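Novice: The following comprises the amino acid sequence and a computationally predicted model.
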Amino acid sequence: MTITGVDGPVTYNPYAYEMHEDPYPTYARLRSEAPVYRSDEFDFWALSRHEDVIGAFRNVDAYSNAYGVSLDPSAFGPDAHRMMSFLALDPPKHTRMRSLVGKGFTPTKVNAMEERIREITLQHLEPALESGSFDFIADFAGKVPMDVISELVGVPVADRAELRRLADLVLHRDDGVYDVPPEGMEAALTLVVYYQAMVDERRASRRDDLTSALLDAEIDGDKLTDEEIVAFLFLMVVAGNETTTKLLGNAWYWGWRHPDERAKPFDDASRVPNWVEETLRYDTSSQMLLRMTRQPLHLHGTSIPEGDRVLLLVGSANRDEAVFPDPERYDLDRDTKALVSFGSGRHFCMGAPLARLEARIALTELVARVATYDVDPAGVERVHSINVRGLAALPTTVTLR
Ligand code: HEM
């Protein structure tokens, strides 16, 4: 297929640094010129329109998670579920495990965490604000989510800094490195050993935490194995940590870039949820998810064979003009209900209520204390990752209320 535009055929390379700087002009061209894009170089198809992305998320018969959801070579393949748990499984295995985990990871459990999340937030926020000038990511947004996950699953306070260090190693990629580096692999193993020891301890004596609840979760006599519990605890680190850090950083950054929009939550804290939702839509931290086709597909006149890789471009779906009027505008007054940032259908993000709660608490505590803030543009650094979009450094100065 030849696609001609003013600049020649559109090309999309998720590894290119220009794409990390600003993928949105390319997404707009993909949506209009190549809604079923083919990359021979990296061996994938890409869907960019809202209706196609949502359609693929909801069609588990045609699109499989069984090889994982990432292009990262070490995370891709039939063993992906060992690290990514049920995110990398299809029904009926997925249904079984998600239902069992859902017995422990309940909305009541998440809501009950509100006060502890606030305490964890303030523990990191207060010293940063006192200094007047800090790195929003390293000193604040990078610390809260992992401590919240540790709190949820039952990691003792004394071990949390070390777990945060290990999680950072698992997720960190130096520029130009597109796979899990050896230090990351080693840290992942250490985390798995740690979580296994925690499961053993809880088996001997239960506590009021998610790990204990998962040990007791049961449907018709079926229970989770230790291996399954550990893989799920590990998935939470991978799926719930960096994404939430980046959501906080993106809200702070885009708020800074749009003073009129930022003024809304700063003048009226009840607008903080709009700040969170519009940031999720406008610049989501999880830009794309991979699928494998389970059958030959025909879409917009293009045939995709069975067993091929398809990228669902969530970041593009969230900017689709067919669904969001004036999509390139960061607008806290818009209707964001159709955002796709947490996926859709059977794999819909299990941590979405927790991520939203964390972001609302963190930003509410910030607007309660900060009158104005500024960012040093020279110090802003972007992460170079194919699917995680956000900032690695965000130097900030604050004037307190
Ligand atoms: C802003 C923060 C977050 C974003 C943008 C996000 C995004 C997503 C997306 C797009 C999926 C669907 C993946 C797919 O269909 O292939 C997903 C799945 C998942 N997320 Fe999140 N997530 C966030 C935070 C969290 C948190 C805090 C947790 C847990 C503590 C979490 C746990 C999970 C789990 C367990 C799944 C797998 C669900 C399944 O396969 O059935 N996420 N997330």
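Specialist: Cool, the structure landed.
Novice: C-terminal to the helix or strand containing residue 360, what's the next element?
Specialist: Following DSSP states H and E, one finds residue 360 within helix 352-369. Going down the chain from helix 352-369, the next helix or strand is strand 370-375, by DSSP H and E.
Novice: Mind giving me the packing neighbours of that next one?
Specialist: Strand 370-375 sits against helix 242-257, strand 395-400, with contacts defined as 3 or more CB pairs under 8 Å, 6 or more residues apart in numbering; DSSP states H and E. From N, CA and C alone the C-beta is placed, and that goes for glycine too.
Novice: rerun at 6 Å
Specialist: strand 395-400 (3 or more CB pairs under 6 Å, 6 or more residues apart in numbering; DSSP states H and E).
Novice: Just name whatever secondary elements the strand it packs on is in contact with.
Specialist: strand 370-375.
Novice: What strands line up against the strand it packs on, and which way round?
Specialist: Paired neighbours of strand 370-375 in the sheet (DSSP bridges): strand 395-400 (antiparallel).
Novice: Now do the strand it pairs with against helix 242-257, angle only.
Specialist: When axes from the mean of the first three to the mean of the last three CA atoms, to 10 degrees is applied, the directions of strand 395-400 and helix 242-257 differ by 70 degrees.
Novice: can you give me the strands in the stretch 101-250 of the chain?
Specialist: 133-135, 218-219, 222-223 (DSSP state E, counting those that start in this stretch).
Novice: And for the stretch 251-400 of the chain?
Specialist: With DSSP E, counting those that start in this stretch as the criterion, the stretch 251-400 of the chain has strands spanning 288-293, 297-299, 302-304, 309-313, 370-375, 381-382, 391-393, 395-400.
Novice: Partner strands of the shortest one, with direction?
Specialist: I take that to be strand 381-382. Its sheet considered, strand 381-382 pairs with strand 391-393 (antiparallel) by DSSP bridges.
Novice: now do the fourth one
Specialist: Strands adjacent to strand 309-313 in the sheet, as given by DSSP bridges, are strand 44-47 (parallel), strand 288-293 (antiparallel).
Novice: give me the number of residues near residue 267?
Specialist: 9 (other CB atoms under 10 Å).
Novice: where does this protein come near the ligand, residue by residue?
Specialist: 57, 65, 69, 86-87, 98, 149, 235-236, 239-240, 243-244, 247, 284-286, 289, 341-343, 347, 349-351, 354-355 (CB under 6 Å from any ligand atom).
Novice: Quick check: which ranges of the protein have low pLDDT?
Specialist: By pLDDT under 70, the weakly predicted segments of the chain are 1-6, 175-178.
Novice: what residue is smack in the middle of it?
Specialist: In the chain, the residue lying closest to the centroid (CA atoms, centre = their mean) is residue 243, at 3.2 Å.
Novice: That one contacts residue 287, correct?
Specialist: No - contact criterion CB atoms under 6 Å: residue 243 and residue 287 do not qualify, at 10.4 Å.
Novice: Which of the residues of the chain next to the ligand fall within helices?
Specialist: Per DSSP state H, helices hold the following members of the residues of the chain next to the ligand: 57, 98, 149, 235, 236, 239, 240, 243, 244, 247, 354, 355.
Novice: Compile these into a markdown table and extend it with columns for distance to residue 217.
Specialist: Shown next, in a markdown table, are those (distance: CB to CB, whole Å):
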| residue | distance to residue 217 |
| --- | --- |
| 57 | 26 |
| 98 | 11 |
| 149 | 18 |
| 235 | 15 |
| 236 | 15 |
| 239 | 19 |
| 240 | 19 |
| 243 | 24 |
| 244 | 24 |
| 247 | 28 |
| 354 | 18 |
| 355 | 22 |
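Novice: Let me know the closest of these to residue 111.
Specialist: Nearest to residue 111 among these: residue 354, at 9.5 Å, using CB to CB.
Novice: so the closest one touches residue 109, yeah?
Specialist: No - assessed by CB under 6 Å, residue 354 is found out of contact with residue 109, at 9.3 Å.
Novice: More neighbours: these two, which one.
Specialist: Legend: neighbour count by other CB under 10 Å for residue 354 and residue 109, higher for residue 354 (24 against 15).
Novice: which residues touch residue 355?
Specialist: The contact partners of residue 355, by CB atoms under 6 Å, 6 or more residues apart in numbering, come to residue 244.
Novice: What separation do you get for it and residue 88?
Specialist: 20 Å (CB to CB, to the nearest Å).
Novice: Residue 60 too?
Specialist: Residue 60 sits 13 Å away from residue 88, going by CB to CB.
Novice: Residue 365 now?
Specialist: For residue 365 relative to residue 88 (CB to CB), the value is 35 Å.
Novice: between the two, who's got more neighbours?
Specialist: residue 88 (28 against 19).
Novice: Do I have it right that that one meets residue 79?
Specialist: No - the criterion here is CB under 6 Å, and residue 88 misses it with residue 79 at 8.6 Å.
Novice: now the lengthiest helix in the chain, how far from the chain's geometric center?
Specialist: Longest helix in the chain by number of residues, with DSSP H as the criterion: helix 182-204. Between the centre of helix 182-204 and the centre of its chain there are 22 Å (CA atoms, centre = their mean, to the nearest Å).
Novice: which strands and helices sit next to that helix?
Specialist: Using 3+ CB pairs under 6 Å, 6+ apart, helix 182-204 is in contact with helix 157-171, helix 210-216, helix 226-240.
Novice: Just put those in CSV and tack on mean neighbour count.
Specialist: Formatted as CSV, these follow (neighbours: other CB atoms under 10 Å):
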stretch, mean neighbour count
helix 157-171, 17
helix 210-216, 20
helix 226-240, 21
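Novice: Please convert these to a markdown table, extending it with distance to residue 35.
Specialist: Shown next, in a markdown table, are these (distance: least, CB to CB, whole Å):
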| stretch | distance to residue 35 |
| --- | --- |
| helix 157-171 | 31 |
| helix 210-216 | 40 |
| helix 226-240 | 28 |
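Novice: What about the nearest residue to residue 214 once chain neighbours are set aside, how many residues nearby?
Specialist: Leaving aside its sequence neighbours, residue 214 sits nearest to residue 104 (CB to CB, 6 or more residues apart in numbering; 4.5 Å). Counted with other CB under 10 Å, the neighbours of residue 104 add up to 20.
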